[in-house]
Each structure stands twice: as structure tokens, then as C-alpha cells.
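Q: The amino acid sequence is not available; the structure is as follows:
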């Protein structure tokens, strides 16, 4: 009994083994690539934490006798983690390049358009309500108002300090007179 020959994609030839099926197998959803990239980054972080754990537990040869077997074992583990970390970085680079390739034909959307509009709440008068503003514009305005408030607070603090000093001087003069 012989097995049917395998197609180039590693699948048995069937009714869907045409060029379209092979192209669909090669094309990967960009969202799936992003998920794979996220998992790869998490693996990189985990491997890096393991490397630091190994390095923290390694004892430096400060004239202390150490077992060469233990040292060689830890060194091998460290080199293995570094090799796997290098592989993960290469995988992440491939995912990044593939995502950029998939998104290359898209027109870039300005970041301001990705931020949702903020409607003015409670504005029932149509003449008061202007065109909707971006949330970033409103944040910028709030930051300006906060800056002005801080300046006013600083001025008030200086005035209060001057008044406190004046009252102190008046009380000192009254005490000297008595």
C-alpha cells in the first residue's frame, strides 16, 4: 500500500490543492501575527528574567573553590537561554517584517483620527455646541488651564507669605513697644 505524494505545502493533494489554496496557506492574518508577536515578546521577557535569575544565583569565583561540574552546568543553561533568546528575537523580527509587509499598501492614518471625538455633555443649545473636538485638543486645553492655575496659586502663595511676614513684623513692633 503506497501513500499518495505530498504537495509542496506538506498537505496531500486534494480538490483544494490549487494555487489559491497555497496562497491562502501562506497568507496569515495580520491580527494573528500581532498575537504571535505579543506572545514572542512575553517569551523574551520570561527568558530574560530566567537569565537574570541564573546570573543572580551564579557565584563568582572569588578565590572560593567551586565545583566545575556545577559551574559547567550553569554555564550551559545560561548559554542555552541566550541561544533561545536570540532565536526569539529573530522570530520577532520576522513577525515584525511580515506585519509591515502586510500593511505596506495601506494609507497611513494620522493618529488624531484614531482618537475618538469628545462631545460636549449637557449642551442642549445648538448654537453653543460647535464642531466636535478631538480628545487631544481638549487635553491640551486642560493642560493650559492647569498651568495658569499653578501660576495663580504660586502668586497667591507669595502674597500670603508677604502678609504673614508683615503680620509678624507688626506683632514684633507691638511687643517691643510694651
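A: Noted; the coordinates are in hand. Just so it is clear, the model here is predicted, and its values are computed rather than measured.

Q: drop to CA atoms for contacts and neighbour counts, all remaining ones
A: Will do.

Q: Surely residue 37 touches residue 97?
A: No: applying CA atoms under 8 Å, one finds residue 37 not in contact with residue 97, separated by 10.8 Å.

Q: Please identify which of these two sits among more neighbours.
A: Set side by side, residue 37 and residue 97 show more neighbours around residue 37, with 20 against 12, by other CA atoms under 10 Å.

Q: who's in contact with the more buried one?
A: Counting by CA atoms under 8 Å, 6 or more residues apart in numbering, residue 37 touches 92, 95, 96.

Q: measure it to residue 91 for me?
A: 8 Å (CA to CA, to the nearest Å).

Q: Likewise for residue 154?
A: As judged by CA to CA, residue 154 and residue 91 stand 54 Å apart.

Q: So for these two, which sits in the more crowded spot?
A: Comparing residue 154 with residue 91 by other CA under 10 Å, the one with more neighbours is residue 91, at 16 against 12.

Q: Next up, identify which helix or strand that one is on.
A: Element membership for residue 91 (DSSP states H and E) is helix 68-102.

Q: What average pLDDT does the helix of greatest length in the chain get?
A: When the chain is parsed with DSSP state H, its longest helix is helix 135-177. Across helix 135-177, the average pLDDT comes to 90.

Q: The helix or strand harbouring residue 42: which residues count as buried?
A: Under the criterion of DSSP H and E, residue 42 resides in helix 30-57. Across helix 30-57, burial judged by 16 or more other CA atoms under 10 Å covers 30, 33, 34, 37, 40, 41, 43, 44, 47, 51, 54.

Q: looking at it, residue 41 is touching residue 92, isn't it?
A: Yes: counting by CA under 8 Å, residue 92 is a contact partner of residue 41 at 7.4 Å.

Q: what stretches of the chain score poorly on pLDDT?
A: 1-27, 60-61, 63-66, 117-135 (pLDDT under 70).

Q: Mind doing that once more with 50?
A: Applying pLDDT under 50 to the chain flags residues 1-17, 21-22, 25, 122-129.

Q: hmm, who's touching stretch 146-159?
A: By CA under 8 Å, 6+ apart, no surrounding residue is in contact with stretch 146-159.

Q: Please apply the same query to stretch 41-57.
A: Against stretch 41-57 from outside (CA under 8 Å, 6+ apart): 74, 78, 81, 82, 84, 85, 88, 89, 92.

Q: Now list the buried members of the contacts of residue 37.
A: Those of those that meet the buried threshold are 92, 95, by 16+ other CA under 10 Å.

Q: Can you add distance to residue 165 and give the contacts of residue 37 back as CSV?
A: Output for the contacts of residue 37, formatted as CSV (distance: CA to CA, whole Å):
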residue, distance to residue 165
92, 64
95, 67
96, 64
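
Q: Among the contacts of residue 37, which one lies nearest to residue 62?
A: For the contacts of residue 37, the minimum distance to residue 62 (CA to CA) is 38.4 Å, reached by residue 92.
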